[in-house]
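>>> Fold the following and give me the result.
(chains A and B)
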Amino acid sequence: MRATRTNTLIVWITAAALAALGYWHEVTRRGLGDPTFVTGYMLFTLMVFLSLYNGRKKLSMISLGRVSTWLSLHVVAGFVAVVLFVTHAGTLWPQGWADRALALLFYLVTLSGVAGYALQLWLPGRLTRSGPEIIYERIPAEIAGLRDAAEQAVTDAAAQSGFDTLGRYYVQTLSWYFARPRYWLSHVFGGRYAEFWLQRRLATIRRHLSEAERSALGRLAELGAAKTAVDAQHAMQSVLKGWTLIHVPLAAALLTVAIWHLILVHVYAR
Amino acid sequence: MIGEREKFRHDRSAYERPTLGWRCGRAALWRRPCARGPSAAGACGGVADCTPGRQGDSWQCRRRPADGGPCAAGPGSDGACSVRHAACAPRRSLRVWRGRVTLLAAGLMLSLIAVFAGSTDMDATRLSSLDPGALSAAHAHFAGEAGCAACHNAHGRGVAGWWRAFRGVGAGDSPHRPLAAMCLDCHGFNGRESLAHNHVFEGRRASTSTDCLMCHTEHKGHNAVASTITQAQCQTCHTRKVNGFATDHPPFPAGFPHDHAQTVRFDHVSHFGKHFADPRLASQVPAGGCVGCHQVENAGRTIKPAGFDTACAGCHGDAIGRREFVLFRWPEIESNEISKDEVLEACGADGETLAELRAAVDAARRGTPPPAPKSAAAFSAVSADQPTAVTAFLLGAPADDAAQYGIPVQELARAMMRDGVDPLMQLLARLGPAASSRNLLAGLNAEQLRRAACAWAANREYEAPGQAALPGWRADALELRYAKPVHADPALRAWMETWAAAAPADGADRERFAAARKELMSPSEGPGACFKCHTDNGPSDGPLALRWHHTLSDARPLTRFDHRPHIDLLGPEKTCTTCHRLAAVVSPTGAAFQPLTLDTCTSCHAPGRVRDDCNLCHVYHQDHALIKRMMSDAK
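Okay, the predicted model is just below:
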């Protein structure tokens, strides 16, 4: 409830600020004034503020406000930055290599930001629905544990039944699945390819197994389902973490070119 | 495994370190990671299960409960853990990779900026980190070798120049010239560039100063318009709201647009109403009505007439030649101050003198007394006229008092009789230095003038050999005149311009000068009758500006109009009379047409029809022009 109130407040303040900015820009432009210096500096300040969000996440030990509030501010400031950019540039695709590079980087950062925000709205719900959530850093241990359990079940079945059918099948087929996360793309987009693959493989061997081995096969099915859930967690969390590998470096490149643009403007445009 | 809550207990679960720069190498290979993880320096922390602690004289195993608790073998005597594993190769964490890629991206941008900063030139196809976009077509070819520095003062001046520019235009001793000042190296206006419309408007003296960059932008592409001022921007200063030309524009002034002074007079009313309707002149009337005289193919703001030879000479060609310029006239004199001997000495014996000498010789042979010479009889002047006003001014004597001008006139005749043109040239110096430089007497035959002066000194008329056939100076009878002038005659034009530019200060001279100027520039009687059509501008006794050509009045420097699209739309036959309707009489200002009203324009220029915004007819700058120095420097 508190977060909703805060977000509503941010949106209203932003809308009012944008309306005031639009009015001021039009009055200044009609008055033959030059609003580009002011809008340019506002945009640059906003870019610096947007980049502070990354720093805020690293300074989790200091009380700098709630991260959710920071995220809301980051999203709204990003939207304002787009409006300011178009207002400042006066066009969607400026002239000149320097300005075009700046515009291209701005659009890439915006697109990656929008994509990231969309992922943050979309994937957490799916993470919750896909099963118990696992800390990303613990996923390798989780997979190792499942693999150990699967191998233990196969070994026990061979010892009890005296047959090595399931063991050889595990080594030749199923061990590939338990070795590491599989079907990353399918999991990202909510596909069930891994589940079908596993069921098909288990169904294929079932008719050839003894009673004792069938019991172990049931255990393998449970472990395989758990592995599928872990893989889904891994795929979605890696996307949530990995998109910043695009967004943050692009933002740094944008900030660098923006500083160069600022210098050029002060040297050449006055 | 999943769902095992105890895995998150402090004594059961591993302590994850996502903010550290390393992660376990075993985990990277999807194997079970060790509980301790890599050190901050990146060394494997899983070589031993624990780090035994010393307790008294012995070592105690400190393996975590999650890993099975204290081992059975326990630490060795040297305190080393007895459970050893092969070391892994820790990997960098995602956070480190993100930092590295971020630094790489920023560094790459800096490198690209640095590499391409040196390749700046005016070629838009080359990559440059200084490239702000292509120049407009108007400026693209003017930068020349100076390149960016033609407009940007800091360009090519190194770090110091950039720093001065960065500090701003008002920074103390900074020699940095602002961008707007660089514009004025090439662009000039008829008025201060920092004033609105380059003009001081009465009642608006407190107007805010302006700057080129308020309206003009560059580097927006080859086809971009450097100025994009809108109607709304006009109304920042022009507080009268104009939402539409038809509804809100103030009425045109009385007499618009014909209320300006004409540089070449032409009475449209009498020509169209009387002369062109005269059947006797039908063959000489220019065909096609208005376009018979006006060059519609060169239509612009004005449609200039075709010129004298095409439009006027048919009827008025001979009138110019009939009005000759009499520079000197031998006037009536009361007494002859030049002796016969002087004339005989300077000019030699003429026919009359030779006859007297022959009579005296014959009388001597016969032994009779010689006949009495004619000169002994009472003096009777050969001329009964006054000197011209021009001669009177040059001699500094009144033209209506023979007692005063008699001596100077004869002095001039005596001098011309001896030296030809030179004495006249010396007199012309009174008109100022321009008179001698213009060579006003070019083509005057000095010997003819000397012989004429001899005749006048001898109180006789000069008999010129033959008749004048071409324009030029000619002495004949009692006058020195410029005969048979033609239109745009360079000699007559030089005289007019010299006389227009001169302005003597002395009181008596001023009156004689004004009389001479009036005689020269008389529309009806003046030489060539130049000022029947051509006009002048200035005080009657001061320097005048002569208007030889049909030029546009500068009465409305902030207004523009183009006849061409109107003619193209309506056709030359209908266009002229649609707007220019002949008046019944010529107005005191010389306007021969009825004034235009807003209705004339709003029939087409209205919303939904033809453009009707301010910028269509009004311009911002007053007489904008490129400075000629720039053109010469560019060569």
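>>> okay, the closest residue to chain A within the stretch 401-550 of chain B: pLDDT?
For the stretch 401-550 of chain B and chain A, the shortest gap (CB to the nearest CB) falls at B:Asn537, measuring 35.6 Å. C-betas here are computed from N, CA, C, even on glycine. The predicted local confidence for B:Asn537 comes out at a pLDDT of 83.
>>> Relative to B:Asn439, how far out is the nearest residue to it once chain neighbours are set aside?
In this structure, B:Asn537 finds its nearest non-sequential neighbour in B:Ala545, 4.7 Å apart by CB to CB, 6 or more residues apart in numbering or on different chains. B:Ala545 is 22 Å from B:Asn439, where distance means CB to CB, to the nearest Å.
>>> same check, this time on B:Asp362
As it turns out, when the distance is counted by CB to CB, B:Asp362 lies 50 Å from B:Asn439.
>>> The closest residue to B:Lys304 other than its chain neighbours: neighbour count?
Of all residues beyond its chain neighbours, the one nearest B:Lys304 is B:His550 (5.2 Å), with distances taken as CB to CB, 6+ apart. Residue neighbour count, defined by other CB atoms under 10 Å in any protein chain shown, stands at 17 for B:His550.
>>> A:Pro124 - how many residues pack around it?
Count around A:Pro124 with other CB under 10 Å applied: 14.
>>> ok, now B:Ala402?
Neighbours of B:Ala402 (other CB under 10 Å): 18.
>>> Output the contacting helices and strands for the helix or strand that contains A:Ala225.
With elements taken from DSSP states H and E, the one containing A:Ala225 is helix A:211-242. If contacts are counted by 3 or more CB pairs under 8 Å, 6 or more residues apart in numbering or on different chains; DSSP states H and E, helix A:211-242 sits against helix A:97-129, helix A:139-161, helix A:165-169, helix A:175-179, helix A:184-188, helix A:193-206.
>>> if you look at the longest one, does any of it touch chain B?
Yes - applying CB under 8 Å from any CB of the partner chain, one finds that helix A:97-129 is in contact with chain B at A:97-99, A:101.
>>> Please identify which residue in the stretch 1-150 of chain A comes closest to chain B.
With CB to the nearest CB as the measure, the residue in the stretch 1-150 of chain A that lies nearest chain B is A:Gln95; the distance is 2.5 Å.
>>> show me the contacts for that residue.
Applying CB atoms under 8 Å, 6 or more residues apart in numbering or on different chains, we find A:Gln95 in contact with B:132-134, B:219-221, B:224.
>>> What parts of the stretch 1-150 of chain A come near chain B?
A:29-34, A:58, A:94-99, A:101, A:131-132, A:134-138, A:140-146, A:148-149.
>>> buried residues in the lowest-mean-pLDDT helix or strand in chain A?
The least trusted helix or strand in chain A, going by mean pLDDT, DSSP states H and E, turns out to be helix A:2-30, with a mean of 87. Along helix A:2-30, these residues count as buried under the neighbour rule (16 or more other CB atoms under 10 Å in any protein chain shown): A:6-7, A:10, A:14, A:21, A:25, A:29.
>>> so where's the stretch 351-500 of chain B shaky on pLDDT?
Low-confidence segments of the stretch 351-500 of chain B, defined by pLDDT under 70, are located at B:351, B:371-378, B:436-438, B:468.
>>> can you give me the strands for it?
Assigned strands in the stretch 351-500 of chain B, in chain order: B:472-476, B:479-483 (criterion: DSSP state E, counting those that start in this stretch).
>>> List phi and psi for B:Trp59.
In terms of degrees, to the nearest 10, the main-chain angles of B:Trp59 are phi -110, psi 140.
>>> Without its sequence neighbours, what residue ends up closest to the residue in the stretch 1-150 of chain B positioned nearest to chain A?
Residue nearest to chain A within the stretch 1-150 of chain B: B:Gly133 (2.5 Å; CB to the nearest CB). The shortest distance from B:Gly133 to any residue that is not its chain neighbour, by CB to CB, 6+ apart, is 2.5 Å, and that residue is A:Gln95.
>>> Going by secondary structure, the one you found is in what exactly?
Using DSSP H and E, A:Gln95 maps to neither a helix nor a strand.
>>> what's the nearest residue to B:Thr602 once chain neighbours are set aside in contact with, if anything?
Beyond its immediate neighbours in the sequence, the residue positioned closest to B:Thr602 (CB to CB, 6+ apart) is B:Ala246, lying 4.1 Å away. If you count contacts by CB under 8 Å, 6+ apart, B:Ala246 has them with B:598, B:602, B:605-607, B:612.
>>> Filter the residues you listed down to just the ones in helices.
Assignment to helices by DSSP state H places the following of the contacts of B:Ala246 there: B:598, B:602.
>>> Out of the contacts of B:Ala246, grab the one that's most surrounded.
The most neighbours of any of these, using other CB under 10 Å, belong to B:Asp612, which has 21 neighbours.
>>> Now that one: closest residue in space, sequence neighbours ignored.
For B:Asp612, the closest residue by CB to CB, 6+ apart turns out to be B:Phe245, at 3.7 Å.
>>> Check A:Leu73 too.
Nearest residue to A:Leu73, sequence neighbours excluded (CB to CB, 6+ apart): A:Ile10, at 6.3 Å.
>>> And A:Trp70, by the same measure?
Of all residues apart from its sequence neighbours, A:Arg56 sits closest to A:Trp70 (CB to CB, 6+ apart), at 5.2 Å.
>>> quick one: contacts for that neighbour?
Under the criterion of CB under 8 Å, 6+ apart, the neighbours of A:Arg56 are A:64-65, A:67, A:70.
>>> Do a quick rundown of the strands in chain B.
Along chain B, the stretches classed as strands by DSSP state E are B:22-23, B:53-55, B:58-60, B:91-92, B:187-188, B:325-329, B:472-476, B:479-483, B:535-537, B:545-547, B:625-626.
>>> so what does the first one touch, helix or strand wise?
Where contact means 3+ CB pairs under 8 Å, 6+ apart, strand B:22-23 is packed against strand B:91-92.
>>> any bit of the strand it packs on sitting next to chain A?
No - Strand B:91-92 is not in contact with chain A by CB under 8 Å from any CB; minimum separation 11.0 Å.
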